[in-house]
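>>> have a look; sequence and predicted model below, questions after that.
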Amino acid sequence: MPVQKNKTLGEFIIENQSEFQYSSGELSRLINSIRLAAKVVNHEVNKAGLVDIIGQAGEVNVQGEDQQKLDVFANETFIKTLTNREIVCGIASEEEEDFITIQGRNGQNENKYVVLIDPLDGSSNIDVNVSVGTIFSIYRRVTPAGTPVSLEDFLQAGNRQVAAGYIIYGTSTMIVYSTGHGVNGFTLNPALGTYYLSHPNLCFPEKGQIYSVNEGNYVHFPQGIKDYIKYCQKEEEDRPYTSRYIGSLVSDVHRNMIKGGIYIYPNTARDPRGKLRLLYECNPMAFLIEQAGGKASDGYRRILDIEPTELHQRTPFIGGSASMVEKAESFMGLYPESTP
Ligand code: AHM
Ligand code: MG
């Protein structure tokens, strides 16, 4: 079927609602709310370069309101949007120590979904006008509807995700998401405030030639990763590969998904369990990567099969073109799993 390229995200959500197994429109409304909050955050992120003109975080603006740091603003915007619209029963965020229970106005919240979110990932890049992102992950709760959510609703393996996605605030703003039926990308037309389907059915190219890793940490990497990096740099067959590292997970994975490549954040001496968070960074990115035909691993096992034990759990992460991840895993497999 030919893809209609001028389709809006709103139209796409409605048309594809029947894909959801227990469709009642709730998941569609949830994705709609994320779309709305993303527009608000996008507006604020776009103004970041004007901070010297309109004020730093911590200052008071002309309306007498406190200026907020953008990651705090993004966190509040997503939480408020999802809470006010009573669209989920619980939220976990990188910015919040504990998960948030949403009671509902009459104390009876029958919604079945929980959202886990990193409201503004890579936010250290904002000061230098480099892309940042929002990452979200959606699960059906496991505890009975109508009761307060509990930790077990959030500590589910990534393979149980119902949907996941990211928003990239880059040269264009995009929403890329999947409900388990492939990955689609929508680009915001800022003049109209409308997202259009610009990247239907995103798939990793068969072969990739980009590796993305913070090589400044090389001496602290596990031996398997060191060996894989040397492999990437070797003059042989289609190598050496190109090195590209933005330091913004969403942007690095987004580029690699389009061009073909691998993103690596291993465990290091400083972060023996890895730096990235399993539940709201790695799981949603792994879900999207797999839906786009790629692979995501911690070096020894599939990211989506890890049974989480903590809300803010970290994990090593290797994700991207399937053949590249398999190669990296083969180097990792030569050494016993241990912290470096
Ligand atoms: P954050 O959640 O504190 O923003 O950290 C996550 C970010 C990722 O987006 C990025 O890939 C990584 O940290 C970069 O880390 P480093 O600067 O150590 O290379
Ligand atoms: Mg983050």
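Yes, it's here. Note that the structure is a prediction, hence the values are computed from the model and not measured. Ligands and ions are numbered 1, 2, ... in the order given.

>>> and the closest residue to S172 other than its chain neighbours, bridged to which residues?
Using CB to CB, 6 or more residues apart in numbering and skipping residues adjacent in sequence, the residue nearest S172 is T187, 5.0 Å away. Backbone N, C-alpha and C define where each C-beta goes, glycine included. Under DSSP bridges, the beta-bridge partners of T187 are M174, Y196.

>>> can you pull the contacts of T187?
S172, T173, M174, Y195, Y196, S198, H199 (CB atoms under 8 Å, 6 or more residues apart in numbering).

>>> mean confidence for stretch 221-233?
Stretch 221-233 shows a mean pLDDT of 97.

>>> how far is it from where the chain is centred?
Relative to the centre of its chain, stretch 221-233 is centred 25 Å away, using CA atoms, centre = their mean, to the nearest Å.

>>> how deep is the nearest residue to P190 once chain neighbours are set aside tucked in, by neighbour count?
In space, and not counting its chain neighbours, P190 is closest to T173: 7.3 Å by CB to CB, 6+ apart. Burial measure for T173: 23 neighbouring residues, criterion other CB atoms under 10 Å.

>>> host element of the residue positioned nearest the centre of the chain?
With distances taken as CA atoms, centre = their mean, I135 lies nearest the centre of the chain, 3.0 Å away. In the assignment (DSSP states H and E), I135 maps to strand 132-140.

>>> which helices and strands sit right next to that strand?
helix 26-46, helix 70-84, strand 113-121, strand 163-169, helix 249-259, helix 283-291 (3 or more CB pairs under 8 Å, 6 or more residues apart in numbering; DSSP states H and E).

>>> contacts only, for F186.
Counted by CB under 8 Å, 6+ apart, F186 has contacts T8, L9, F12, M174, I175, V176, Y195, Y196, L197, S198, H199.

>>> quick check on those: which are buried?
Among those, those scoring as buried are L9, F12, M174, I175, V176, Y195, Y196, L197, S198, H199 (criterion: 16 or more other CB atoms under 10 Å).

>>> just the pLDDT for N6.
85.

>>> quick check: can you list the domain ranges of this protein?
Using automatic domain parsing, the domains assigned to the chain come out as 9-199, 210-332.

>>> so does the last one get close to ligand 1?
Yes: counting by CB under 6 Å from any ligand atom, contacts between domain 210-332 and ligand 1 involve N214, G247, S248, L249, D252, K275.
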